[in-house]
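Engineer: predicted model, plus sequence, below.
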Amino acid sequence: MKPFVRWCRITVIAALPLFIMLIYTAGPTPKAHAGLWSDLKSIYDTPAKVDELEQQYKDSIDRLQEFSDKQAELEALQQELTRQNEEYRLQNERLLEQNRELEAKMQQAEERRASLKQGVAWTVLAVSAALLAYMAATRIWRYRVYRSQRRDEGGTAL
């Protein structure tokens, strides 16, 4: 065997126990066990812990009850709001229908008013035309009478 290889074997064999001891001492320490006094003390403190847990349980029940009450209140409020929303929707539909009816009535009233205005305009036009025709006819008749009287008199009158 060569001396270097031999030296490596000896070193590894000698270092192995030191390495194992180093790992054992550097590792985690085992948990310490409580003694008899600690066990008796924990048994003595158990009723206080039970009372504390009972109080926490009661507090949790009270909070749960409050939460349940609030939830019921919110559900009632939500139902009320839903009912109001439905009422508003129905009212909106009724108002839209009334709006349509009123628009139709307004359109009819505007048509009647326009028809009335047109009728009045035609009446005024017809009366004006008749008056003008009467005036023209009167003028023509007077002129003809004048001419016929002048012819009958035989002269010029002026």
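Structural biologist: All right, it came through fine. Numbers count the residues shown, from 1 in each chain.

Engineer: lowest confidence element among the helices and strands of the protein?
Structural biologist: Lowest mean confidence among the helices and strands of the chain (mean pLDDT, DSSP states H and E): helix 3-26, at a mean of 74.

Engineer: after that one comes which helix or strand?
Structural biologist: Using DSSP states H and E, the helix or strand that follows helix 3-26 in sequence is helix 36-153.

Engineer: so what's the gap between the least confident helix or strand of the chain and the chain middle?
Structural biologist: The chain centre lies 79 Å from the centre of helix 3-26; the measure is CA atoms, centre = their mean, to the nearest Å.

Engineer: now it - C-alpha only, PDB.
Structural biologist: Output in PDB follows, covering the C-alpha atoms of helix 3-26 (Å, rounded to 0.1, in the frame of the first residue of the first chain):
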ATOM      1  CA  PRO A   3       1.900   5.600   2.300                       C
ATOM      2  CA  PHE A   4      -0.600   8.400   1.200                       C
ATOM      3  CA  VAL A   5      -3.500   6.000   0.900                       C
ATOM      4  CA  ARG A   6      -2.700   4.500   4.300                       C
ATOM      5  CA  TRP A   7      -2.400   7.800   5.900                       C
ATOM      6  CA  CYS A   8      -5.900   8.800   4.500                       C
ATOM      7  CA  ARG A   9      -7.400   5.600   5.900                       C
ATOM      8  CA  ILE A  10      -6.000   6.200   9.300                       C
ATOM      9  CA  THR A  11      -7.200   9.800   9.300                       C
ATOM     10  CA  VAL A  12     -10.700   8.800   8.300                       C
ATOM     11  CA  ILE A  13     -10.900   6.100  10.900                       C
ATOM     12  CA  ALA A  14      -9.600   8.500  13.600                       C
ATOM     13  CA  ALA A  15     -11.800  11.400  12.500                       C
ATOM     14  CA  LEU A  16     -15.000   9.400  12.300                       C
ATOM     15  CA  PRO A  17     -15.600   9.100  16.100                       C
ATOM     16  CA  LEU A  18     -14.800  12.800  16.500                       C
ATOM     17  CA  PHE A  19     -17.300  13.700  13.800                       C
ATOM     18  CA  ILE A  20     -20.000  11.500  15.400                       C
ATOM     19  CA  MET A  21     -19.400  13.200  18.800                       C
ATOM     20  CA  LEU A  22     -19.500  16.600  17.200                       C
ATOM     21  CA  ILE A  23     -22.900  15.900  15.500                       C
ATOM     22  CA  TYR A  24     -24.300  14.500  18.800                       C
ATOM     23  CA  THR A  25     -23.300  17.500  20.900                       C
ATOM     24  CA  ALA A  26     -24.200  20.100  18.300                       C
END
